Structures are given as structure tokens and as C-alpha cells.
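Novice: 3D, please:
(one chain, ligands or ions: 1)
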Amino acid sequence: MQAIDALLARHSARALTEPAPDAGTLELIFAAAARAPDHGRLRPARFLVVRGAARERLGAVLADHLRRTHPQIGEESLQRERLKAFRAPLIVVVAAHCDSAVKIPVIEQTLSAGAAAHAMMLAAFALGFNAMWKTGEAAYDATVRQALGFEPTDAIVGFLYFGTESGERAPAVRSEWRDRVRELR
Ligand SMILES: Cc1cc2nc3c(=O)[nH]c(=O)nc-3n(C[C@H](O)[C@H](O)[C@H](O)COP(=O)(O)O)c2cc1C
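Specialist: Down below sits the predicted model:
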């Protein structure tokens, strides 16, 4: 697939199933992430791969977060939260490990991790797989970060779900962009 075709046609999957990206594809996905723009070559992006039975651990972390932040929540909602970790065969949690002591602003380091996440989604799509980018309250919770082994000051920029697109394919509807573009004269 030509790069421009991947850029224009990429869409988030509505549902994902097996197979997950194979080992070679995953290597290329990470290699694409590593080519994200990175001011100062600080390499701020961090990646946690979650697959197979380890998804139960991620599901437990998500459910614990929900129980802690919504103490009245019912078992049905907790189970739904646990199952989020099973909506794809492979998950990569992408975080920004920012250094506030350097002169590159933290927002630029965070943006670099976001750019890495986008590159990963595009690479997966170009190689015949697909992905979803999710966050939610859990992404911004310190206990979740700690449970997943990130540093306290790391910022989770996304839970990226990878697999093979299944079910009804989402159309690649692109919003109009012309009304958001100005030219300085
Ligand atoms: C930082 C970030 C966080 C997101 N978090 C969520 C989320 O938690 N839940 C969700 O349904 N979509 C989320 N999205 C949006 C979807 O990933 C997706 O981009 C959007 O639904 C548009 O679909 P498309 O990618 O097919 O254009 C997020 C996107 C970004 C960039």
C-alpha cells in the first residue's frame, strides 16, 4: 500500500479479532513508532505489550480502577470493564516518559509519543491489520499507571488495540478540513 493511501484510508476498526499482528508485523509497527518526530531525540515514548492471558491482568486493573472511582458500580459494569481487555488480541499501552528538566517542553515530548501511537496505527493498517485508540478515565489514573509498571510522572497517551478488523467495516468518513485552514497574508 502506498503511504498516501494508508494515510487517507485509515479508519478505526469497530471490532477486532484474531489474528493479531504477527511477530514481523509487530516489529514493523514498533519500527514505525520509532520514526515518529522527536524533538531533541529524547525518545519519550514507552510501550507495554499486553496479549494472551496477560489481558486478564489488564482487565483486572481497569475493573479495579472503576471500582475505586465509582464505589457503587455493579458487577455487570465491572465485568464489562474487564472484557475491554479482550476486545482485541493485542494491546499496546503507549505512554510518554517526559523529562521536565530538559529545555524541550513536556508538551512536545507528549506529542511525540502521540505521533508514535498514530504511526503504529498507520503501520498496522498498511500491513493489513487494524487498530483502535482508546483512553478513558483509567488512562489518567496514577494507580493504573503504577499497576502497569509506568513511572508516576509518565502519561498514558493511549491503549492501542490491534487485530484483524471484523464485523461491519467502518467507512473512512473524513470530516471537512477546508473550514479549519487559514492562510496568513
Ligand atoms: C488521544 C485519543 C484518545 C481517544 N480515546 C478514545 C476513547 O477512549 N474512546 C473512543 O471511542 N474513541 C477514542 N478516540 C477516538 C478514536 O480512536 C477514533 O480516532 C475516532 O473514533 C475517529 O475514528 P477514525 O479513527 O476511524 O477516524 C481517541 C482518539 C485519540 C486521538
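
Novice: for Ala20, see how far away Leu78 is.
Specialist: Taking Cβ to Cβ, to the nearest Å as the measure, Leu78 and Ala20 are separated by 26 Å. (Glycine included, C-beta is placed from N, CA and C.)

Novice: same thing with Leu83?
Specialist: Counting by Cβ to Cβ, the gap from Leu83 to Ala20 is 17 Å.

Novice: the more surrounded of the two?
Specialist: The neighbour count for Leu83 versus Ala20, taken as other Cβ atoms under 10 Å, is higher for Ala20 (21 against 13).

Novice: buried ones in the helix or strand containing Leu7?
Specialist: If you go by DSSP states H and E, Leu7 is part of helix 3-9. Neighbour counts using 16 or more other Cβ atoms under 10 Å place Ala6 of helix 3-9 among the buried residues.

Novice: partner strands of whichever helix or strand comes after that helix, parallel or antiparallel?
Specialist: Downstream of helix 3-9, the next assigned helix or strand under DSSP H and E is strand 16-17. Its sheet considered, strand 16-17 pairs with strand 155-165 (antiparallel) by DSSP bridges.

Novice: centre of the chain to the partner strand, how far?
Specialist: On the basis of Cα atoms, centre = their mean, to the nearest Å, strand 155-165 sits 3 Å off its chain's mean C-alpha point.

Novice: list the buried residues in that strand.
Specialist: Using 16+ other Cβ under 10 Å as the test for burial, strand 155-165 gives 155-165.

Novice: what's the answer for stretch 43-56, then?
Specialist: Buried, per 16+ other Cβ under 10 Å, within stretch 43-56: 44-48, 50-51, 55.

Novice: now stretch 93-112
Specialist: 93-98, 104, 109-112.

Novice: among the buried residues of strand 155-165, which pair sits farthest apart?
Specialist: Ala155 and Thr164 (29.4 Å; Cβ to Cβ).

Novice: which stretches in the protein count as strands?
Specialist: Assigned by DSSP state E, the chain shows strands spanning 16-17, 45-51, 90-96, 130-134, 155-165.

Novice: is any part of the third one close to the ligand?
Specialist: No. Judged by Cβ under 6 Å from any ligand atom, strand 90-96 makes no contact with the ligand; its nearest approach is 9.6 Å.

Novice: could you find the closest non-adjacent residue to Ala119?
Specialist: Ala32 (4.4 Å; Cβ to Cβ, 6 or more residues apart in numbering).
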